[in-house]
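# Quick check, what structure comes out for this input:
(2 chains)
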Amino acid sequence: MDDLSAIRSEALGAVEQATDLAALEAARVAVLGKKGSVTGLMKTLGGMAPDQRKEFGARVNQLKGEIEAALEARKGLLGNAALAARLASEKIDVSLPARPENPGTLHPIGQVMDEIAAIFGDMGFTWAEGPDIEDDWHNFSALNIPPDHPARQMQDTFYLPSRADGTPMVLRTHTSPVQARTMLNKDVQKMLADGGALRIIVPGRTFRIDNDATHTPMFHQVEGLVIDRTTHMGHLKGCLVDFCRAFFEVDDLPLRFRPSYFPFTEPSAEVDIGCSWKGGELKIGAGDSWLEILGSGMVHPNVIANCGLDPAVYQGFAFGMGIDRIAMLKYGIPDLRSFFDSDLRWLRHYGFSALEGVAR
Amino acid sequence: MKFTLSWLKEHLETTATLVEVRDALTMLGLEVEGIANPAETLKGFIVGYVVEAVQHPNADRLRVCKVDTGNGVVQVVCGAPNARTGMKGVFAPPGSYIPGTDMHLKVGKIRGEESNGMLCSMRELELSDDHDGIIDLPAETKTGIPAAEALGLDDPVIEIKVTPNRGDCLGVHGIARDLAAAGLGTLKPMKVERIKGSYTSPIKWTHGYEAKPDSPCPIVLGRHFRGVKNGPSPDWLQRRLKAIGLRPISALVDITNLVCFDLNRPLHVFDAQKLSGDLVMRQAREGEMIQALDGKTYELDPGMSVIADSKAAHGIGGVMGGEETGVQPETTEVFLEVAYFTPIKVAATGRKLGIQSDARYRFERGIDPQSVQWGTDVATQLILELCGGEASEITSSGVMPDWERSYTLRADRVKNLTAIDVSAKDTTDILAKLGFTMSGTGQNSEGWTAAVPSWRPDIVGEADLVEEVTRVAGFDRIPTTSLPRLSATSKPTRDPLQRRVPQARRSLAQRGMNEVVTWSFLPLKKAERFGGGGADVRLLNSIDATLDTMRPSILPNLIDAAARNEARGLSDPALFEVGPQYKDATPTGQARVAAGLRHNMAIPRNWEGPARTVDAYDAKADAMAVLAAIGAPVENMSAQAGAPDWYHPGRSGVIKLGDRVMATFGELHPELTTAADLKGPVAAFEVFLDAPPPPKTKATKARSKLTLSAFQPVERDFAFLVDAGVEAEKLVRAARNADKVLITSVRVFDVYAGKGVPEGKKSLAIAVTLQPVERTLTDAEIEAVCNKIVAAVTKATGAQLRA
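Residues are numbered from 1 along each chain as shown, chains lettered A, B, ... in the order given. Predicted structure coming up:
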């Protein structure tokens, strides 16, 4: 009796006084360890009479349970305190900067090309490409630009040495030669003969001898070409209205089609979009002013014939616009020359994140 | 092309307003570039009557004037020497803005006398340089009316852009014709009267070559005038020329300018007394010199045509007259030249000599060949009317060029091509008003035949007729019809090869690099350093020597861009460009390349860890990332030495798939970075986007089946001692191939040379992951695989397993 209560009060006292987990463990060993006081009591049970063993055993077990519960409770308490102490010691200065990382950017030209690809892709256009170094035939003759046309003169066109066969070589002055390259393609001709429709966009680099505040010797254009048997100027209008509204993200953007002249289209139209200049700031949308943004027209029968198709059967439209220019208009970039200067401040300011527009 | 509204109305009977005229012009394809109305700047200025002008009591040079403004009399102090009682002048009330002095008028006192406004000089109104005195208007001018009206300046000046096909609109008459066709009024017929000559021209026209319809000058007319009185032209003519920015010179010269801008008919007048013998249209002689009307001397060649007398050339055909025989104020005998020059020849001559003139501008676009007749008549009328004298009979030489032609317009063509319904009547009306002679009914798909007027050389087929009908009927009548869908779902715009460009761009931007776009050309020296610069890719007419050769690589431009940024204090640029490079001038010589570079610090100085400079492995990582992004089989590629010589020879490599080079990478050659003034290393790469084989096209987008093993993978480390020259990749490959089923990855985790490693050797440590498929591996099985790995590596590289 006395034995048990002495052990009890000693054990519970030791648990109570343990101030850390090590002291608590020592207290546990002193009671429940191999040589512990309660363990010692358990060992005495073997030598007792059954009746006595039963009665004493129950009391020892109760005592053991009581001490274990006290140990557990104390352990929880001390454990929480230790964790709290550790956490307190692990505090950091969250105001220090994050690990340095350079945020990469995409150039507006590529971004706008991707936007163009998405919008025209939706209208059934596919992407076509051609070489920047072109022969005179694809760049001029095929497109109904006669030999004496001013565009062919040295002051507008970059020339390279002629090919061995005497063909003059140029840096393409527009993306239009890809019209010819595409129409001349045998697979395309077969597709058209089978009743198919050709719809391509041709984004790419173009070159003209121009180098001043608003012109650069290299710039970017996107050409569009639709050829089938029934496409008419109403479709040209519809296609460009749909594009411009989607691109500039203005649902009611007004467009104006004006007669113009290009050697490779007939009739030819220049296209203006509505805008206003309130307070000297350009706003694209319905307004009191117009902004010219692209040239277009029905493909000239001579061009269709030059590309090996019968103009009595096939017709369609073509258009061309400056990618740099529409990028400037949409994103408010003031200076064309800065596109090609690679200034990091400009790239970070006008560039796009790697994920921009991917979700669309 | 500029003209005034009143000038237009000389040719067009119309009640249309300026705004209506402006909109109609633009919608006809004659884009209005601007309208300037001098009356706008002169708003508020009125005609004032000087009731009295007396000497200023306190200033010798000033007068005090009482001016009747039509709305009361005010006192004005005036400093002009010509201010006098009874004169009419231009009065500016207080508050007016004086453009010539950039001042706003205020009421004030000048030397003690009150001044309520100002009497203006021509210069103060920016109407001319005249500042000798105030404007002295004719006595009969009404007091109080707007000054613009009194000065004949109440006439808007319209400027239009004429497309190269519309030479006929380089004269006001042609513009009026288009407006009339569009329903804006009625075209007034040209006043042409044939005046019979009273004597035989002492100067005859001849040709130095056989005149044919396609000769440089197929036909020329002319006539002699005597007893003429040159001198200043009348006010109305001077005003008209000034309004469009031309300087009045003398009556005879002004007449030629008027006919040029009014009727698109360039003319030339010679001082007949300065000519010797007859005039001849001939080829220029090699080295022949001429002093032209612009005062400059030009050397000619036989490709050019000249107008010459028996002694010398006095005009460059279709381009410019000669100085020596030009008319002077005192000229009394003149010879009028009215020629037709073939457009191509004029353009070639003008270009070669670098002369821009109103004549060239018109001849090279093609004028009305018939104008040699009516042009002579119109000019004769004007000369006799304004300069008096008498005219000789007409002299001519040559033949009329072929201009008569006609085209069929199918009845349904306009509808099919433009989707506008233009009635048969409207179709023929439009074309007839534009000068076409129409025949056929347009019924039952028969169509029409349209004979082209002589002034429309640009009309060469049915499509041109469609355009004429459409633009006059109005582009606003074209319906807006969205393109019909080709298929139920939209397909990708780009094919898999084309998609590599955006994939490369986005992966590099994701890796913290900034995309740039640089010129396709660069200086020859740089091209040569990067293995390019062949004769076929050198521009014949570059803007300057810094942009004269097509780039064989994007890197030189990126090096320059990095250097520019560093020079601006923008450190550690990481730049890339995805674009073309050019091996030769053939279409296959152009390749799509993703190139980039990182300069100096990979990780800048920071609070947390060590800074690190870039090295070849950064470039390799970039290159591999691009290759992975474009879907190339990177696991089958191997990196080895052998990059081109613009890289550091020991710190660069190529990434190959079999024998084919997919990419190059490494530190740039120090010689290049030093030349660009870039301090610190530059890690660069070039990925050839067209090089990896195109992915196999599959019928489905479904991926292959993924089987996940239920068993724990096992990792074992090995450290090998190998010769220092052994490439890690060789060792890794040998290890991986030791058991292709169980080994899923081999990773190099340590490379060491130095203390504890013999000279000429290095220690390479790898971690090999084994992935059991069917059941957990026993120790014995793992042991067996490990032995296979050691054996394979030893065999391939001569390596020894380190204890």
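# where does chain B have low pLDDT?
B:444 (pLDDT under 70).
# In it, spot the helix with the most residues.
When chain B is parsed with DSSP state H, its longest helix is helix B:779-797.
# and it, which residues are buried?
For helix B:779-797, the neighbour count (16 or more other CB atoms under 10 Å in any protein chain shown) marks B:785, B:786, B:788, B:789, B:790, B:792, B:793, B:794, B:796, B:797 as buried. Bear in mind the C-beta positions are built from the backbone N, C-alpha and C, glycine included.
# Check stretch A:108-125 too.
A:108-117, A:119-121, A:123-125.
# what's the closest non-adjacent residue to residue A:96?
residue B:607 (6.0 Å; CB to CB, 6 or more residues apart in numbering or on different chains).
# ok, now which ones touch residue B:678?
By CB atoms under 8 Å, 6 or more residues apart in numbering or on different chains, the residues touching residue B:678 are B:559, B:562, B:563, B:566, B:599, B:600.
# mind checking which helix or strand the first one is in?
Secondary structure assigned from DSSP states H and E places residue B:559 in helix B:555-567.
# which strands and helices sit next to that helix?
helix B:524-529, strand B:574-582, strand B:590-599, strand B:682-688 (3 or more CB pairs under 8 Å, 6 or more residues apart in numbering or on different chains; DSSP states H and E).
# among the ones you listed, which is nearest residue B:450?
strand B:590-599 (45.7 Å; CB to CB).
# neighbouring contacts of the helix or strand just after that closest one?
Next along the chain after strand B:590-599, taking DSSP H and E as the criterion, comes strand B:601-603. Strand B:601-603 is contacted by residues A:100, B:571-572, B:609-615, B:618, B:680, B:683 when judged by CB under 8 Å, 6+ apart.
# just to revisit the earlier point, tabulate the buried residues of helix B:779-797 (a markdown table), appending distance to residue B:676.
Listed next are the buried residues of helix B:779-797 as a markdown table, based on distance: CB to CB, whole Å:
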| residue | distance to residue B:676 |
| --- | --- |
| B:785 | 51 |
| B:786 | 50 |
| B:788 | 50 |
| B:789 | 46 |
| B:790 | 48 |
| B:792 | 46 |
| B:793 | 42 |
| B:794 | 46 |
| B:796 | 41 |
| B:797 | 39 |
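# filter these down to the ones near chain A?
Among those, no residue lies close to chain A (CB under 8 Å from any CB of the partner chain).
# Could you work out the most separated pair of those residues?
Every pair of the buried residues of helix B:779-797 checked by CB to CB; the farthest is B:785 and B:797, at 18.4 Å.
# Walk me through the domains of chain B.
As assigned by automatic domain parsing, chain B contains the domains B:2-37+B:156-187, B:40-150, B:205-398, B:406-477, B:496-688, B:714-801.
# just so I know, which of these lies nearest residue A:43?
It is, among these and with distance given as CB to CB, domain B:714-801, at 42.5 Å.
# Now do that closest one: distance to the chain's middle.
Mean-position distance between domain B:714-801 and its chain equals 64 Å (CA atoms, centre = their mean, to the nearest Å).
# how long is it from one end to the other?
20 Å (CA to CA, to the nearest Å).
# Next: stretch B:499-519.
Start-to-end, stretch B:499-519 (CA to CA) is 22 Å.
# and it with chain A, contact?
Yes. Stretch B:499-519 comes into contact with chain A (CB under 8 Å from any CB), by way of B:501-502, B:505-519.
# quick one: is the helix or strand containing residue A:111 near chain B?
Following DSSP H and E, one finds residue A:111 within helix A:108-122. Yes. Helix A:108-122 is in contact with chain B by CB under 8 Å from any CB, via A:109, A:110, A:114, A:117, A:118, A:120, A:121, A:122.
# neighbours around residue B:446, how many?
12 (other CB atoms under 10 Å in any protein chain shown).
# Hmm, residue B:411 and it touching each other?
Yes. Applying CB atoms under 8 Å, one finds residue B:446 in contact with residue B:411, separated by 6.5 Å.
# sec struct for the closest residue in space to residue B:799 that isn't next to it in sequence, please.
Nearest non-adjacent residue to residue B:799, counting by CB to CB, 6+ apart: residue B:720, 3.9 Å away. Recorded secondary structure, residue B:720: strand (DSSP: H, G, I helix; E, B strand; the rest coil).
# is residue B:720 in a bridge, and if so with what?
Beta bridges link residue B:720 to residue B:764, residue B:801, judged by DSSP bridges.
# Now which of the contacts of residue B:678 would you call buried?
B:559, B:562, B:563, B:566, B:599, B:600.
# Can you tell me which of these is nearest chain A?
residue B:562 (8.2 Å; CB to the nearest CB).
# okay but that closest one is in contact with residue B:573, surely?
Yes. Between residue B:562 and residue B:573 there is a contact at 4.7 Å, judged by CB under 8 Å.
# Can you pull the residues that touch both of these two?
In contact with both residue B:562 and residue B:573: B:597, B:599, using CB under 8 Å, 6+ apart.
# For the stretch 251-360 of chain A, what lies in contact range of chain B?
Checking the stretch 251-360 of chain A against chain B by CB under 8 Å from any CB, the hits are A:257-261, A:266-270, A:298, A:300-302, A:315, A:339-345, A:347-348, A:351-355, A:358.
# Which parts of chain A belong to which domain?
A:2-88, A:108-350.
# separation between the residue nearest to residue A:96 and residue A:102?
17 Å (CB to CB, to the nearest Å).
# Now the closest residue to chain B within the stretch 1-150 of chain A. Nearest residue, chain neighbours left out?
Residue of the stretch 1-150 of chain A nearest chain B, by CB to the nearest CB: residue A:121 (3.3 Å). The shortest distance from residue A:121 to any non-neighbouring residue, by CB to CB, 6+ apart, is to residue B:493 (3.3 Å).
# Up against chain A, what does the stretch 601-750 of chain B have?
So the stretch 601-750 of chain B meets chain A at B:603, B:604, B:606, B:607, B:608, B:609 (CB under 8 Å from any CB).
# and these as a markdown table, adding distance to residue B:325?
Formatted as a markdown table, those follow (distance: CB to CB, whole Å):
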| residue | distance to residue B:325 |
| --- | --- |
| B:603 | 80 |
| B:604 | 77 |
| B:606 | 82 |
| B:607 | 86 |
| B:608 | 87 |
| B:609 | 87 |
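# among those, who's most crowded?
Neighbour-wise, these (other CB under 10 Å) top out at residue B:603, 17 neighbours.
# Turn the buried ones among the contacts of residue B:678 into TSV, columns for distance to residue B:146.
Converted to TSV, the buried ones among the contacts of residue B:678 look like this (distance: CB to CB, whole Å):
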residue	distance to residue B:146
B:559	66
B:562	64
B:563	63
B:566	63
B:599	68
B:600	71
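# quick one, helices of the stretch 51-200 of chain A?
Applying DSSP state H, counting those that start in this stretch to the stretch 51-200 of chain A gives helices spanning A:108-122, A:136-139, A:177-184, A:186-193.
# counting contacts, what elements does the shortest one pack onto?
The reference is to helix A:136-139. strand A:169-171, helix A:177-184.
# other SSEs contacting the last one?
Spelled out, that is helix A:177-184. helix A:136-139, strand A:198-207, strand A:218-228, helix A:301-306.
# Turn those into a markdown table, columns for mean pLDDT.
As requested, those are exported to a markdown table (pLDDT from 0 to 100):
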| stretch | mean pLDDT |
| --- | --- |
| helix A:136-139 | 94 |
| strand A:198-207 | 97 |
| strand A:218-228 | 97 |
| helix A:301-306 | 96 |
